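1. Sharing a model that was predicted from the sequence below.
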Amino acid sequence: MDRNELASQHCRARKGESALGEMKTKDLLAALPGWALAADGKSIDKAFKFEDFYETLGFVNAIGWMANRQDHHPDLEVGYNRCAVRWSTHDVGGLSMNDFICAAKTEQAAQD
């Protein structure tokens, strides 16, 4: 599955499901250059750089809008010209397809 395929999907409820396995996680990460698996294997993250606070805030607002539409929300760490984004699915205790869908959508937002 490539990044565009992931980005075209919509998040869905994951209660009662298990976290993705290591092989599936690695396959999905391959579609998302620059994203990294956290040491505990329960989240993926990427740091984005911008020219200034205005661009950073625009990106954060775009992610917020998308996350609310998907009903799946990231952890964000925001500074003047940077934003670190971390996706995980608390309901499954690790990573789900929702995290990779939203990471792909995050990439789209960063390029707009």
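-> Noted; the coordinates are in hand.
2. counting contacts, what elements does the helix or strand Asp45 falls within pack onto?
-> Following DSSP states H and E, the helix or strand that holds Asp45 is strand 44-49. Under the contact definition 3 or more CB pairs under 8 Å, 6 or more residues apart in numbering; DSSP states H and E, strand 44-49 sits against strand 36-37, strand 82-87, helix 97-111. Heads up, the C-betas are built off the backbone N, CA and C, glycines and all.
3. Return the most buried member of the ones you listed.
-> Counting by mean count of other CB atoms under 10 Å, helix 97-111 has the highest mean neighbour count of the helices and strands packed on strand 44-49, with a mean of 21.
4. Quick one: mean pLDDT over the longest helix along the chain.
-> Of all the segments assigned as helix in the chain under DSSP state H, the longest by residue count is helix 53-70. The pLDDT scores in helix 53-70 average 97.
5. Show me what the lowest-mean-pLDDT helix or strand in the chain is packed up against.
-> Ranked by mean pLDDT, DSSP states H and E, the weakest helix or strand in the chain is helix 3-7, scoring a mean of 93. If contacts are counted by 3+ CB pairs under 8 Å, 6+ apart, helix 3-7 sits against helix 97-111.
6. which residues are contacting the helix it packs on?
-> Counting by CB atoms under 8 Å, 6 or more residues apart in numbering, helix 97-111 makes contact with 3-4, 6-7, 9-12, 14, 20, 28-29, 31-32, 35, 43-44, 46, 48, 59, 62-63, 66-67, 70, 72, 74, 85, 87-89, all of which sit outside it.
7. For those, which PyMOL command selects only the ones that are buried?
-> When burial is assessed using 16 or more other CB atoms under 10 Å, the buried subset of those is captured in PyMOL by this command:
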select buried, resi 3+6+7+9+11+14+20+28+29+31+32+35+43+44+46+48+59+62+63+66+67+70+72+74+85+87+88+89
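8. mind listing what Gln70 touches?
-> 10-11, 98, 101-102, 105.
9. quick revisit: CA atoms of the longest helix of the chain as CSV?
-> C-alpha atoms of helix 53-70 as CSV (Å, rounded to 0.1, in the frame of the first residue of the first chain):
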residue,chain,number,x,y,z
PHE,A,53,5.5,30.4,13.2
TYR,A,54,2.8,31.4,10.7
GLU,A,55,3.6,28.3,8.6
THR,A,56,3.9,26.1,11.6
LEU,A,57,0.5,27.3,13.0
GLY,A,58,-1.1,26.7,9.6
PHE,A,59,0.2,23.1,9.6
VAL,A,60,-1.1,22.6,13.1
ASN,A,61,-4.5,23.9,12.3
ALA,A,62,-4.7,21.7,9.2
ILE,A,63,-3.8,18.6,11.3
GLY,A,64,-6.3,19.6,13.9
TRP,A,65,-9.1,19.9,11.2
MET,A,66,-8.2,16.6,9.7
ALA,A,67,-7.9,14.8,13.1
ASN,A,68,-11.3,16.0,14.1
ARG,A,69,-12.8,14.8,10.8
GLN,A,70,-11.1,11.4,11.3
